[in-house]
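Asks: based on what follows, work out the 3D shape:
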Amino acid sequence: MRLLTATGVLLFVSASAHAQAPAQAAKPCEELKDEITKKLDAKGVKGYTLEIVAKDKDAEGKVVGTCEGGTKKIIYTRAPAPAEPPAKEPPKP
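Replies: Numbering: from 1, shown residues only. Reported below is the predicted structural model:
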């Protein structure tokens, strides 16, 4: 039983350390922004903006990534759809 408990603790500690490793990696924001842009363009998404801001700054939109060691975030916002001109009425006979 003691061996089982020790093994469980070791697995938990190693899994926790492994889970933190990607968070500690500091991906440059421009690199991540380019990756997100490519994914959105590949899906055919149009009319959006991606903005890099400080992690503690309030910004309109959805957070789609964090970068530079978690010090910044990338915000996705949709541009408003262009207003369609009113439909022309067919000529009256």
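Asks: output stretch 39-46 as CSV, restricted to C-alpha atoms.
Replies: Extracted in CSV, the C-alpha atoms of stretch 39-46 (Å, rounded to 0.1, in the frame of the first residue of the first chain):
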residue,chain,number,x,y,z
LYS,A,39,-5.8,29.4,-38.5
LEU,A,40,-8.6,31.9,-38.8
ASP,A,41,-7.8,32.6,-42.4
ALA,A,42,-7.8,28.9,-43.2
LYS,A,43,-11.3,28.6,-41.7
GLY,A,44,-12.4,31.5,-43.9
VAL,A,45,-13.0,33.9,-41.1
LYS,A,46,-13.3,37.5,-42.4
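Asks: give the buried residues for it.
Replies: By neighbour count with 16 or more other CB atoms under 10 Å, stretch 39-46 contains no buried residues. No exception for glycine: its C-beta is placed from N, CA and C like everyone else's.
Asks: who touches the residue nearest to Leu40 when sequence neighbours are not counted in this structure?
Replies: Leaving aside its sequence neighbours, Leu40 sits nearest to Tyr48 (CB to CB, 6 or more residues apart in numbering; 6.4 Å). By CB atoms under 8 Å, 6 or more residues apart in numbering, the contact list for Tyr48 reads 40, 76-79.
Asks: list buried residues within the residues you listed.
Replies: Looks like these have Tyr76 buried, using 16+ other CB under 10 Å.
Asks: just the contacts of Tyr48: which are in strands?
Replies: Here DSSP state E is the test, and the contacts of Tyr48 give 76-78 as lying in strands.
Asks: great, nothing more from me.
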